[in-house]
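Visitor: need a structure here:
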Amino acid sequence: MELLSWIFDDNRRIMKRGFRLLTLGWSDGTSFLPVDFGLLASAKTDKQLQEVNLAIDKRSCGGHRRREAVRKATDMAITMVKRALSRGLKADYILFDSWFSFLSVIDQIAGLGIHVIYHLKPMPRITYFYN
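Guide: Purely as a prediction, here's the structure:
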């Protein structure tokens, strides 16, 4: 399978063959509706078990998904939010996991007019201030 990569399974704490699934969803507090997704592979060619088929047209839907697969998860998350907003989805705030709690991501999402809620991970070199 193209772009099959070695990924780290956080639950079992081992390396496995596969993809990481990044999902953007809408919730009312009870229900969760998936809105967009991305299958992420490793961008490092030494961790990829199968290369991309160069005969595939890069302008096709599959070509776009292949390009997205090797992007950083933080960049992909911002793209997915922009895509959802451009298609008419409305949101007052967005909830992110600590994996996305970087100032650049917070600034870009806030720049879209959406409040951001994060679980901040402890980083000794970064201090956050509110107001």
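
Visitor: what's the nearest residue to F37 if we skip its chain neighbours?
Guide: Distances taken as CB to CB, 6 or more residues apart in numbering put T23 closest to F37, at 4.9 Å, once the chain neighbours are dropped. Any C-beta I mention is one placed from the backbone N, CA and C, and that applies to glycine too.

Visitor: can you tell me the helix or strand for that neighbour?
Guide: Using DSSP states H and E, T23 falls within strand 20-27.

Visitor: which residues make contact with stretch 5-24 from outside it?
Guide: By CB atoms under 8 Å, 6 or more residues apart in numbering, the residues outside stretch 5-24 that reach it are 3-4, 34-42, 47-49, 69, 73, 76-77, 80-81, 84.

Visitor: go on, stretch 67-75?
Guide: 3, 19-20, 22, 38-43, 58, 76, 79, 99-100, 102, 104-105.

Visitor: Repeat the analysis, applying 6 Å as the threshold.
Guide: Around stretch 67-75, the neighbours that count as contacts under CB atoms under 6 Å, 6 or more residues apart in numbering are 3, 22, 38-41, 43, 100, 105.
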